[in-house]
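>>> okay, predicted coordinates and the sequence, questions at the end:
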Amino acid sequence: MKFGIIKERKTPPDRRVVLSPEACQAVKRAFPDAEIIVEPSEIRTFKDEEYQKLGFHVSEDMKQCDVLLGVKEVPIEELIPNKKYFFFSHTIKKQSYNRGLLQAVLEKNIELYDHEVITNSEGQRLVAFGRYAGIVGAYNGIRTYGLKYDLFSIPKAETLPSIKALLKTVSDVTLPKIKILLTGTGRVGNGAKEILDGMGIKEVSVDEYLDNEFEEAVYCQIDVLDYNKRKDGAFSEISNFYNNPSEYESNFMRFAQVTDFYIAGHFYGDGAPYLFTRADARKPEFKIKVVADISCDINGPVATTIRPSTIADPIYGYNPKSELETDFKEKDAIAVMAVDNLPCEIPADASAGFGESFIAHVIPAFFNNDKDGILYRARMTSSGKLTERYSYLQDYIEEKE
């Protein structure tokens, strides 16, 4: 089995990689029959020489490989026919901007595996960059708060070498006595929590957060049943919310009335209530002035997120009265950080963590006859057709919807 680590070609550039040089070594130790070829790249966070020093061949010829490993979407003109590819295709939700990519994958008889749907038998994702998005998103949110109020200025995350450096930087920051709300208890939310805990900010319960005043900065991490309630007022289990989201309405305003800085690290599912609307943000009791939206659903559940921002220009202002973008430092503006590719800011750490999971869960499937169904569940296309699990995309690729 010959694996190829392909060059990332999407713009803006992404410096991450599926397997670091050390990860490639780990693959070879565990599976001596595996061969790894590395395509040259001038932007990858790990230099070509780092792979060569560990004995891995660097070559422009990816056609010799059986399986090609990338992170972001591969440009259509660069797709090699009749190969197996792993990358984030951003097509499983019928994203219109990548319809042509999936059409090309089928036309070129490519077997596509999407990182987003590498799951266990219970549907839980096995490889993801979520933790790193959470860490950088929370760091960027702290930076945004400092800039909004001219309290402090810390370096951009992309200029720092590691998570350790990010934690060291924020540990030197002292926040005023504000209340910080964090939604989400998965990889993203818990990644954000690492930054807040690293700063020594006190975590408080929902009741304490809503009812008490504090003489220091505090934060509260909440889950879906904290900010949603059944319309009929009945008691609910969390599974009921996920199975029947339309039976719920948002209860987020009780938090918005006492929150200064909000970090959105939750997963938003189809049919779930919006956390807050543009009308909510106009209300006098809406207190939030800084939003770090890691989830970054545009014109969605976090109404202040009207567009994604960029690593180069990560902050914009939202005027709740006009519902338009403005200078984030304006008094009435809500400062919004909504970078949609946060893990790119710490490419080395993010690549190392992703690679560990990929080696643990995916690589073995090529050598054990996919006994756990990892490849089966992630395989979107085969023999020029959608696989059964992804047949719901047929009308999408035929442009019927």
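All right, it came through fine.
>>> who are the neighbours in contact with the residue nearest to K94 when sequence neighbours are not counted?
Leaving aside its sequence neighbours, K94 sits nearest to Y396 (Cβ to Cβ, 6 or more residues apart in numbering; 4.4 Å). Backbone N, C-alpha and C define where each C-beta goes, glycine included. Contacts for Y396 (Cβ atoms under 8 Å, 6 or more residues apart in numbering) come out as 91, 94, 99, 102.
>>> and the longest helix that the chain contains, what other elements does it pack with?
Secondary structure assigned by DSSP state H gives helix 130-148 as the longest helix of the chain. Applying 3 or more Cβ pairs under 8 Å, 6 or more residues apart in numbering; DSSP states H and E, we find helix 130-148 packed against helix 163-171, helix 187-198, strand 261-264, strand 290-293, strand 334-337, helix 347-361.
>>> who touches the third one?
Spelled out, it's strand 261-264. 137-138, 141, 145, 178-184, 192, 256, 275, 288-295, 302, 305.
>>> any idea how far apart the tips of stretch 110-125 sit?
Using Cα to Cα, to the nearest Å, one end of stretch 110-125 lies 23 Å from the other.
>>> report the buried residues of it.
110-119, 125 (16 or more other Cβ atoms under 10 Å).
>>> just the ones of those residues in strands?
111-114 (DSSP state E).
>>> biggest separation within those, which pair?
Spatial extent of those (Cβ to Cβ) is set by the pair E111 and D114 at 11.3 Å.
>>> helices of the stretch 251-400 of the chain, residue ranges please.
253-256, 278-282, 347-361, 374-378, 394-397 (DSSP state H, counting those that start in this stretch).
>>> could you dump those helices into JSON lines with distance to V188 added?
Converted to JSON lines, those look like this (distance: least, Cβ to Cβ, whole Å):
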{"stretch": "helix 253-256", "distance to V188": "18"}
{"stretch": "helix 278-282", "distance to V188": "22"}
{"stretch": "helix 347-361", "distance to V188": "13"}
{"stretch": "helix 374-378", "distance to V188": "21"}
{"stretch": "helix 394-397", "distance to V188": "27"}
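>>> of these, which is nearest E323?
So among these, helix 278-282 is nearest, using Cβ to Cβ, at 5.3 Å.
>>> is A335 in contact with F328, as I believe?
Yes. Between A335 and F328 there is a contact under Cβ atoms under 8 Å: 4.0 Å.
>>> returning to that earlier point: please identify which pair of the contacts of Y396 lies farthest apart.
K94 and L102 (9.5 Å).
>>> what does the helix or strand of the chain with the lowest mean pLDDT rub up against?
None of the helices or strands of the chain scores lower by mean pLDDT, DSSP states H and E than helix 238-243, at a mean of 91. Outside helix 238-243, the residues that touch it by Cβ under 8 Å, 6+ apart are 223-225, 228, 247-248, 269, 272.
>>> one more time with 6 Å
224-225, 248 (Cβ atoms under 6 Å, 6 or more residues apart in numbering).
>>> any chance of a ChimeraX selection covering the buried ones in those?
Remark: buried members of the contacts of helix 238-243, expressed as a ChimeraX selection using 16+ other Cβ under 10 Å:
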select :224,225,248
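>>> now, which of the contacts of helix 238-243 sits nearest I154?
Using Cβ to Cβ, V224 is the member of the contacts of helix 238-243 that lies nearest I154, at 31.4 Å.
>>> spatially nearest residue to that closest one (excluding sequence neighbours)?
Among residues not flanking V224 along the chain, F241 sits closest, at 5.5 Å (Cβ to Cβ, 6+ apart).
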